[in-house]
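structure, please.
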Amino acid sequence: MSDAHLFEILSRTVLQAGLAPAVVTARWTGLRRAFGDFEPESAARLTEAQLEVLAADPALLRNRPKLRAVVLNARTVAQLRAGHGSFAAWVWGLEERPYEQRLEILADTFERVGARSAHLVLEAVGLARPDDWQHFEART
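Next comes the predicted model:
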């Protein structure tokens with residue numbers, strides 16, 4: 001899985017939180033274009049002024065904090081790439097950790113990612129099963 005695909009999964013989870021799936025799906029083509037096909041370097045270069053333009057675009061999501069989180073997360077991905085060779089290498093490195101620790105690491109590393117969003121990312125990339133969340137939720 002490419003770094004861009006992993007970053008797109010992370011970004012979709014951030015943008016989707018609290019919204020009906022159809023809302024994000026209907027705007028996904030525009031969001032993809034706005035964030036440079038989710039190439040982390042492209043998204044990381046967006047400025048506050050550019051984010052304001054994106055937030056005013058009715059074809060996109062107008063939630064400034066979520067849009068800003070995608071940019072900040074892209075910058076984090078760039079740092080992780082520098083330290084680990086790729087975002088994918090960092091993500092797959094989580095496999096060695098217990099499930100609860102994976103959730104905590106993702107939530108601590110990225111903006112607007114809590115335990116539930118972290119689980120959705122892990123499940124999408126094959127590092128969690130749906131029942132992991134049920135067991136986690138039952139213990140907390």
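
got the contact list for Gly18?
Listed by CB atoms under 8 Å, 6 or more residues apart in numbering, the contact set of Gly18 is empty. Where C-beta positions appear, they are placed from N, C-alpha and C, glycine not excepted.

the same query, at a cut-off of 10 Å, please.
Shown in contact with Gly18 (CB atoms under 10 Å, 6 or more residues apart in numbering): Asn63, Lys66.

Asp37 now?
Going by CB under 10 Å, 6+ apart, Asp37 touches Ala4, Phe7, Glu8, Ala43.

mind checking pLDDT for the first one?
At Ala4 the predicted local distance difference test score is 97.

now it: which helix or strand?
Here Ala4 sits within helix 3-16, counting by DSSP states H and E.

just give the nearest non-adjacent residue to Val71, would you?
Using CB to CB, 6 or more residues apart in numbering and skipping the chain neighbours, the partner closest in space to Val71 is Leu46 (4.9 Å).

count the neighbours of that neighbour for me.
20 (other CB atoms under 10 Å).

could you do the one 5 residues further on as well?
Other residues lying near Leu51 total 16 when counted by other CB under 10 Å.

and for Ala20?
Per other CB under 10 Å, the neighbour tally for Ala20 reads 9.

what residue ranges in the chain score low on pLDDT?
Within the chain, the segments meeting pLDDT under 70 span 138-140.

which strands or helices does the lengthiest helix in it pack on?
Counting by DSSP state H, the longest helix found in the chain is helix 64-84. Contacts defined by 3 or more CB pairs under 10 Å, 6 or more residues apart in numbering; DSSP states H and E place helix 64-84 against helix 3-16, helix 21-34, helix 40-44, helix 48-55, helix 87-93, helix 99-109.
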